[in-house]
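Asker: Here is the input, now give the coordinates:
(chains A, B, C and D)
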Number of protein chains: 4
Amino acid sequence: MNVIADLCVIPLGVGVSVSKYVAECEKILTNAGLNTHLHAYGTNIEGEWDAVFSAIKKCHEKIHAMGAPRISTSLKIGTRTDRTQTMQDKIKSVQDKI
Amino acid sequence: MNVIADLCVIPLGVGVSVSKYVAECEKILTNAGLNTHLHAYGTNIEGEWDAVFSAIKKCHEKIHAMGAPRISTSLKIGTRTDRTQTMQDKIKSVQDKI
Amino acid sequence: MNVIADLCVIPLGVGVSVSKYVAECEKILTNAGLNTHLHAYGTNIEGEWDAVFSAIKKCHEKIHAMGAPRISTSLKIGTRTDRTQTMQDKIKSVQDKI
Amino acid sequence: MNVIADLCVIPLGVGVSVSKYVAECEKILTNAGLNTHLHAYGTNIEGEWDAVFSAIKKCHEKIHAMGAPRISTSLKIGTRTDRTQTMQDKIKSVQDKI
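Answerer: Numbering: from 1, shown residues only, chains lettered A, B, ... in the order given. Reported below is the predicted structural model:
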């Protein structure tokens, strides 16, 4: 089952700047071989369900290991069985209609 | 790693009423032995990381098997290493301050 | 336009405990005359669009005034034109099918 | 109060393809003079609180006017008082640390 997800991790108890934690997650996602796109409020991720969720678990483990005592993550998960669709397909589908 | 999550599944392509799909997810979560609380915009879930995510995957598989060609899920995931905290603890912690 | 919303405010830069900020938001929502239900990962809110969003703006203003330099909020917004539906209707609709 | 938001509208009861509704929202956001970035699971929006929320309300009104009887929207809202930060600043802050 292929997934297009959107991940936004928020470490708590480490001050206002969270970019170094997000950067570590980007590395984890890339090392997992997942397609990603970093935007201003999260990261689009494309891949097989198990690979995506295994990487997200590693992100939580890593952020805690870096010293953040608490994490609140928002995740969107899109799956479809009618056809395959890439992240780029989704964007193009909208842009063609603007 | 214990998780307090909040799950909101939205099947697409099956009309405006989605309650029968949500009801099936409730059964899956309960059968997985997870603590849950159904509210008006999702379901709180409490349990071990792997048990929670295994159940969420089953929800997607079940909703597709019921005929929904597309699903868009919103998920919140809370983990903490500083102390254990139940769903009820979180609510009480707020209510004590109102 | 009536709205059923789900609000989860996360103040950043104020440590791991955020319950006192959430408690202030509960007061703001109640004082605005909105129906609410506090759960373990946010608050369901029911009311007219403008009343709901005016209250949410006040929540951000209040949390900043309490000293939080940064806030990241997750909000779900449900509207429908086919029929009226309360928060309790949504829950009952699922529970009847379990 | 400046906001960086992330908007994901999901019309229900109109089939699996939602891109034409998203495209209309893009037009509304652009016509409101807001900075936006369309990604694969939503749209980043930057602007003044009232301008952003006025545009989001117009999106719901427009999608209903196009015939969608139900909408479920996910929204993230970021505000900060410690410093100004653009969408591009947020991305650069992460990329500099990868």
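Asker: Show me which residues of chain A are close to chain D?
Answerer: Contact residues (Cβ under 8 Å from any Cβ of the partner chain) of chain A with chain D: A:4-6, A:8, A:16-17, A:19-20, A:22-23, A:26-27, A:37-42, A:44, A:46, A:74, A:76, A:78, A:80, A:82, A:87-88, A:90-91, A:93-98. Glycine gets a C-beta too; all of them are placed from N, C-alpha and C.
Asker: buried subset of those residues?
Answerer: A:4-6, A:8, A:19-20, A:22-23, A:26, A:37-42, A:44, A:46, A:74, A:76, A:78, A:80, A:87, A:90-91, A:93-94 (16 or more other Cβ atoms under 10 Å in any protein chain shown).
Asker: coming back round to it: list the ones among the residues of chain A next to chain D that fall in helices.
Answerer: A:19-20, A:22-23, A:26-27, A:87-88, A:90-91, A:93-95 (DSSP state H).
Asker: Would you mind listing where chain A has pLDDT under the threshold?
Answerer: Within chain A, no range satisfies pLDDT under 70.
Asker: just the strands in chain A please.
Answerer: A:2-12, A:35-39, A:42-48, A:70-80 (DSSP state E).
Asker: what residues does the shortest one touch?
Answerer: Pointing back at strand A:35-39 there. With contact meaning Cβ atoms under 8 Å, 6 or more residues apart in numbering or on different chains, strand A:35-39 is reached by A:26, A:29-30, A:43-47, A:86-87, D:6, D:37, D:39-40, D:44, D:87, D:91, D:94-95.
Asker: Direction included, what does it pair up with?
Answerer: strand A:42-48 (antiparallel) (DSSP bridges).
Asker: The partner strand versus helix D:87-95: what angle between them?
Answerer: 60 degrees (axes from the mean of the first three to the mean of the last three Cα atoms, to 10 degrees).
Asker: quick one on the thing from earlier: format the strands of chain A as TSV; extra columns: distance to D:K57.
Answerer: Output for the strands of chain A, formatted as TSV (distance: least, Cβ to Cβ, whole Å):
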stretch	distance to D:K57
strand A:2-12	23
strand A:35-39	23
strand A:42-48	23
strand A:70-80	22
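Asker: Relative to C:E61, which of those is closest?
Answerer: Nearest to C:E61 among these is strand A:2-12; the distance by Cβ to Cβ comes to 20.4 Å.
Asker: Can you pull up the residues of chain A that come close to chain C?
Answerer: A:I10, A:L12, A:G13, A:G15, A:V16, A:V18, A:P69, A:R70, A:S72, A:S74.
Asker: List only buried entries from those residues.
Answerer: Neighbour counting by 16+ other Cβ under 10 Å classes A:I10, A:L12, A:G13, A:V18, A:P69, A:R70, A:S72, A:S74 among those as buried.
Asker: Could you identify the pair within those that is furthest apart?
Answerer: Largest pairwise distance in those, by Cβ to Cβ, is 18.7 Å, between A:P69 and A:S74.
Asker: Compute the inter-axis angle for the biggest helix by length in chain A and strand B:70-80.
Answerer: Ranked by residue count, the top helix of chain A under DSSP H comes out as helix A:49-65. Angle of helix A:49-65 versus strand B:70-80, following the same axes, to 10 degrees, is 20 degrees.
Asker: residues making contact with helix A:49-65?
Answerer: Residues contacting helix A:49-65 (Cβ under 8 Å, 6+ apart): A:1-3, A:5, A:7, A:9, A:11, A:21, A:24-25, A:28-29, A:32-34, A:45, A:71, A:73, A:75, A:79, B:1, B:49, B:53, B:57, B:60, B:77, B:79, B:81.
Asker: Count the residues that sit near the closest residue to A:A68 other than its chain neighbours.
Answerer: With Cβ to Cβ, 6 or more residues apart in numbering or on different chains as the measure, A:P11 is the residue that lies nearest to A:A68, at 3.6 Å, once sequence neighbours are left out. Look at A:P11: counted by other Cβ atoms under 10 Å in any protein chain shown, it has 24 neighbours.
Asker: which residues pair with A:P11 across the strands?
Answerer: A:I71.
Asker: Wait, it touches A:V18, no?
Answerer: Yes - counting by Cβ atoms under 8 Å, A:P11 sits close enough to A:V18 to count as a contact (5.4 Å).
Asker: Name the residues of the longest helix of chain A that are buried.
Answerer: For helix A:49-65, by 16+ other Cβ under 10 Å, it's A:49, A:51-53, A:55-60, A:62-64.
Asker: Which members of those residues are the farthest-apart pair?
Answerer: A:W49 and A:H64 (23.2 Å).
Asker: so what's the closest residue to A:E48 other than its chain neighbours up against?
Answerer: Closest residue to A:E48 apart from its sequence neighbours, by Cβ to Cβ, 6+ apart: A:N2 at 6.3 Å. Counting by Cβ under 8 Å, 6+ apart, A:N2 makes contact with A:E46, A:G47, A:E48, A:W49, A:T79, A:T84.
Asker: nearest to chain D, of those residues?
Answerer: Comparing the contacts of A:N2 against chain D with Cβ to the nearest Cβ places A:E46 closest, at 7.7 Å.
Asker: For that closest one, which non-adjacent residue is spatially closest?
Answerer: In space, A:E46 is closest to A:N35, 4.2 Å off (Cβ to Cβ, 6+ apart).
Asker: Tell me what the nearest residue to A:Q95 once chain neighbours are set aside is bridged to.
Answerer: In this structure, A:Q95 finds its nearest non-sequential neighbour in D:L38, 7.0 Å apart by Cβ to Cβ, 6+ apart. Counting by DSSP bridges, D:L38 is bridged to D:T43.
Asker: For stretch A:87-98, what is the distance to the chain centroid?
Answerer: 20 Å (Cα atoms, centre = their mean, to the nearest Å).
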